[in-house]
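Trainee: can't give you the sequence, but here's the structure:
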């Protein structure tokens, strides 16, 4: 079974996947890339400033022969008004 590596790319650089995963199908590779970019996106959106510029991130998938796929995600947060403070907190 082939081993695929899922490198994380954002504005700060690239974090190389040193371990990789053995996956049996192209669909499994695509599903793992989608899961990885979703995790990255969630963390980036939660840590982004309320009115930040556009951010782009990607998962670069490679095997022993080189690149096989890139999954990209871009987002921007636009704040229209400040939410009212909650009395519960």
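Mentor: It's in. Note that the structure is a prediction, hence the values are computed from the model and not measured. Residues are numbered from 1 along each chain as shown.
Trainee: show me the contact partners of the least confident helix or strand in the chain by mean pLDDT.
Mentor: The least trusted helix or strand in the chain, going by mean pLDDT, DSSP states H and E, turns out to be helix 26-47, with a mean of 90. Applying C-beta atoms under 8 Å, 6 or more residues apart in numbering, the contact partners of helix 26-47 are 4, 6, 8, 10, 21, 23, 55, 57-59, 61, 68-69, 71-73, 75, 77. To be clear about C-beta, it is placed using only N, CA and C from the backbone, and glycine gets the same treatment.
Trainee: quick check, residue 22 in contact with residue 5.
Mentor: No - using C-beta atoms under 8 Å, residue 22 is not in contact with residue 5; the gap is 11.0 Å.
Trainee: tell me which residues of the helix or strand harbouring residue 70 are tucked away?
Mentor: Using DSSP states H and E, residue 70 sits in strand 66-75. For strand 66-75, burial by neighbour count (16 or more other C-beta atoms under 10 Å) applies to 71, 73.
Trainee: relative orientation of that strand and helix 26-47 in degrees?
Mentor: With axes from the mean of the first three to the mean of the last three C-alpha atoms, to 10 degrees applied, the angle from strand 66-75 to helix 26-47 works out at 40 degrees.
Trainee: elements contacting strand 66-75?
Mentor: helix 26-47, strand 55-63 (3 or more C-beta pairs under 8 Å, 6 or more residues apart in numbering; DSSP states H and E).
Trainee: of these, which is nearest residue 84?
Mentor: The closest of these to residue 84 is helix 26-47. By C-beta to C-beta, the value is 20.6 Å.
Trainee: thinking again about what came up before, pLDDT on the strand holding residue 70, on average?
Mentor: Averaging pLDDT along strand 66-75 yields 92.
Trainee: which residues touch that strand?
Mentor: Here strand 66-75 has contacts from 4, 29-30, 33-34, 36-37, 40-41, 44-45, 48, 54-62, using C-beta under 8 Å, 6+ apart.
Trainee: list buried residues within the residues you listed.
Mentor: Among those, the ones that count as buried by 16+ other C-beta under 10 Å are 4, 29, 33, 36-37, 40, 44, 55, 57-62.
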